[in-house]
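Undergrad: structure, please.
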Amino acid sequence: MAKRKRQETSNGEKPAEVLLTKKAKAAAETMVSTEDGPITIQIIAGSYDKILHGVTATIPKGGGKADFADTFLFMPHTSPIKSLALSPPSDQGPGVPQKVMLASGGVDERINVYNLSAHPPVVKKQDTVLSSLAPRPIKENMRNREIGTLLHHSAAITALAFPTRSKLLSASEDSTIAVARTRDWNLLSVIKAPKPKAFGRASGDTQTSDTTPYGVNDFAIHPSMKLMVSVSRGERCMRLWNLVTGKKAGVLNFSRDLLQEIGERKHSTGEGQQTVWGNTEAGEEFAVMFNKDVVVFGMDSIPRCKVMPDTRVSVHGAKYVTLNEETGEAVMAVATGDGRIMFFSTSEDDLTEPEEGKGTLPKAKQVAQLGGRAVECTTRIKDFTIMEANEDEGKVMFITTGSSDGSIRVWRTSHAELRSAAKDEKQPKQIAELLGTYNTENRITCLESFIMIPLPEGVEESEDEDLEDMYSSKDDDDKGSDDSTDEEE
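TA: Okay, the predicted model is just below:
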């Protein structure tokens, strides 16, 4: 009986149904307080030009414009960078600085891993000299280090994620999702997604190995760390995986009517580009992003609503923002091709039924937006991040956006402003304050950022002295070897 039940669950013709009796809680995020001084945001941008660019944005206490400075700039890949991921910060200990791991994946099949300092960089004399010579300010952090390179994929890296600090998950165009342990970077497991069948393509002697597109586009891990959903190239479906066993748990096929309703025409791929989990007042849900719309599914795998008001604008990213953890109030943020971040409420009370003859899916309510023509930001947003911090008046959000023209923008808004906009029955409200714009002069493809933790007492001087002693001793050794060589000559 158990074997028959397992076969029925993995049948691709039946929709996948997620059975969770308890509401899983998301992983705890580090909440930084800005009451003691200025806040510093570490921004990392990957580009089509193979450049990994690190920038800090320092925002003064009480508001004001952001001051940008370069922290690192180099080319770690031989091909365009497609994805980035940040781990949670390391545990805080007495006199021990905290670190954040950064992973970057490119078309060159490589995953590079780095250790970044979780604390703001300390301005030194040499940084002042470099800043006076360079066209832009420089704040180099000597604690940033490269860990190594992972080579367990055979195609371009498409997605990276640190569900916890001890695990790194990576997806690739070789149709695999790999799980690596960060303690020793050993490969623990490989989840193989099936390659789609070729329809309407050459076969037999005229078929080539690269005829059919395949590969995992994206994956999303449930907060319980037991489930994962993935979307792939060449497939009009979404797959559910059991992370406990590492096997497929079900398949959700996208119907033709659903794809037509969200702008996926006859010759479109119909494949999901991104997927994300979220918690709302009605419970848990997950969303699948397509080229021009986002569809929200319930835990019964039935479509609940679509998000975009029309299909004229492309979408490039989606994230959930929790406004009230007790009530579960949340909104979805969607990045668009015309330079906006649009916020939608997917609550049952805010859904609008479609007009007769114009589809069957309800539409989510747009409550607010930032960017766009109103503030002269019309360039396509390739990626964005949302960070939260505590201030005197409550929780505030800092939103960083990376555009295809190389511009990084930092915005500031608050939970109160979003809640007020959600209650307004009029047109969507323009929210958020633009704190600053930084031009990287590269075509941005992916973006990550985090709020840096204030440096604990007793860590700054000891760490800097150790680093300075290390480099000074190295210089002395080099100088001594040069002197001995001169004497021999």
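Undergrad: can you get me a residue count around the closest residue to residue 254 other than its chain neighbours?
TA: Of all residues not flanking residue 254 in the chain, residue 236 sits nearest, at 4.7 Å (C-beta to C-beta, 6 or more residues apart in numbering). Where you see a C-beta, it was placed from the backbone N, CA and C, and this is true even at glycine. By other C-beta atoms under 10 Å, the residues close to residue 236 number 19.
Undergrad: quick one: residue 236 from residue 395, how far?
TA: Distance, residue 236 to residue 395, using C-beta to C-beta, to the nearest Å: 39 Å.
Undergrad: just residue 106 next, same as before
TA: Counting by C-beta to C-beta - residue 106 and residue 395 are separated by 35 Å.
Undergrad: do residue 75 as well
TA: Counting by C-beta to C-beta, the gap from residue 75 to residue 395 is 38 Å.
Undergrad: am I right that residue 183 sits in a helix?
TA: No - counting by DSSP: H, G, I helix; E, B strand; the rest coil, residue 183 is located in no helix; its state is coil.
Undergrad: right, and it touches residue 166 too?
TA: Yes - counting by C-beta atoms under 8 Å, residue 166 is a contact partner of residue 183 at 6.6 Å.
Undergrad: neighbour count for residue 106 and residue 395, which is higher?
TA: Comparing residue 106 with residue 395 by other C-beta under 10 Å, the one with more neighbours is residue 106, at 23 against 13.
Undergrad: now do the SS call for the residue nearest to the more buried one when sequence neighbours are not counted.
TA: Leaving out its chain neighbours, the residue that sits closest to residue 106 by C-beta to C-beta, 6+ apart is residue 77, at 3.6 Å. Of the three states, residue 77 takes coil according to three-state DSSP.
Undergrad: next one, pLDDT for residue 77 please.
TA: Note for residue 77: predicted pLDDT of 95.
Undergrad: partner strands of whichever strand or helix holds residue 57 and their direction?
TA: Take DSSP states H and E as the rule and residue 57 turns out to sit in strand 52-59. Next to strand 52-59 in the sheet, as set by DSSP bridges, lie strand 39-47 (antiparallel), strand 67-74 (antiparallel).
Undergrad: chain center to that strand: distance?
TA: 16 Å (C-alpha atoms, centre = their mean, to the nearest Å).
Undergrad: can you check stretch 169-176 too?
TA: 16 Å.
Undergrad: start to end distance for it?
TA: 10 Å (C-alpha to C-alpha, to the nearest Å).
Undergrad: report the rounded mean pLDDT for that stretch.
TA: 95.
Undergrad: do stretch 184-194 as well
TA: Here the average pLDDT along stretch 184-194 is 93.
Undergrad: show me where the stretch 51-200 of the chain has its helices.
TA: Ranges of helices in the stretch 51-200 of the chain, per DSSP state H, counting those that start in this stretch, are 125-133.
Undergrad: cool, thanks, signing off.
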